[in-house]
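Asker: Output the structure for:
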Amino acid sequence: MSADESSSTRWLTHEEQQAWRAYLRAHRELQVALERDLTAHDISLPEYELLSMLSEQDGDRARMSVLADLVVQSRSRVTHTAKRLETRGWVRREPTPEDGRGVALALTPAGRELVESAAPTHVQSVRDHFIDHLTHEQLCVLRDAFSEVRSHLVPGARPEDEIV
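Answerer: All right, here's what the predicted structure looks like:
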């Protein structure tokens, strides 16, 4: 690295570095804990998230592209996850009636049953490992901070309280 590159870089302060590393570690550990708690239902966290988002859509169905946006994953990753879920009988692919070219994913009765049985476990896990360790004020700060980060990363994105 040249002296010019070094002097133009805005290095993280000690406090910023601590905040960044605390976020990274907590995020990763939280993912591991949430994943572990779902093993009793024989489902991974990404699979549960996709089924959960699908269960909140009109008619328990949504275009694959909409699901990819909701779970913040690439369309190809959602397609792979959907394939696993379809093999297990929890979803089915359908042509979209709007244009016939797109593909929608629909929750099957077995998928609905799984979501409803896993949801209490997941919610308790979120409470046990995240929500119940923070004050109301801390949760509001986190919501506002990450809404700001998301607004920067996804200009024009709907606020979190409008996402369904």
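Asker: Report the distance from the host helix or strand of residue 23 to the chain centre.
Answerer: According to DSSP states H and E, residue 23 maps onto helix 14-38. Centre-to-centre, helix 14-38 and its host chain are 15 Å apart (C-alpha atoms, centre = their mean, to the nearest Å).
Asker: next one: stretch 127-141
Answerer: Distance of stretch 127-141 from the chain centroid (C-alpha atoms, centre = their mean) equals 18 Å.
Asker: Can you get me the start-to-end distance on it?
Answerer: Start and end residues of stretch 127-141 are separated by 17 Å (C-alpha to C-alpha, to the nearest Å).
Asker: For it, give the mean pLDDT please.
Answerer: Mean per-residue pLDDT for stretch 127-141: 97.
Asker: One more: stretch 38-48?
Answerer: pLDDT averaged over stretch 38-48 gives 95.
Asker: And stretch 7-16, by the same measure?
Answerer: For stretch 7-16, the mean per-residue pLDDT is 93.
Asker: how about the strands in this protein?
Answerer: 61-63, 91-95, 103-107 (DSSP state E).
Asker: need the ones you listed in a markdown table with mean neighbour count, mean pLDDT and distance to residue 16, can you?
Answerer: For the C-beta atoms, the positions are set from N, CA and C on the backbone; glycine is no exception. Formatted as a markdown table, the strands of the chain follow (neighbours: other C-beta atoms under 10 Å; pLDDT from 0 to 100; distance: least, C-beta to C-beta, whole Å):
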| stretch | mean neighbour count | mean pLDDT | distance to residue 16 |
| --- | --- | --- | --- |
| strand 61-63 | 19 | 91 | 38 |
| strand 91-95 | 16 | 92 | 42 |
| strand 103-107 | 21 | 92 | 40 |
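Asker: Dump the ones you listed into a markdown table; add distance to residue 55 as well.
Answerer: Below are the strands of the chain laid out as a markdown table (distance: least, C-beta to C-beta, whole Å):
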| stretch | distance to residue 55 |
| --- | --- |
| strand 61-63 | 10 |
| strand 91-95 | 10 |
| strand 103-107 | 6 |
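Asker: sorry, back to before: quick one: buried residues of the helix holding residue 23?
Answerer: Neighbour-count burial for helix 14-38 flags 33, 34, 37, 38 (criterion: 16 or more other C-beta atoms under 10 Å).
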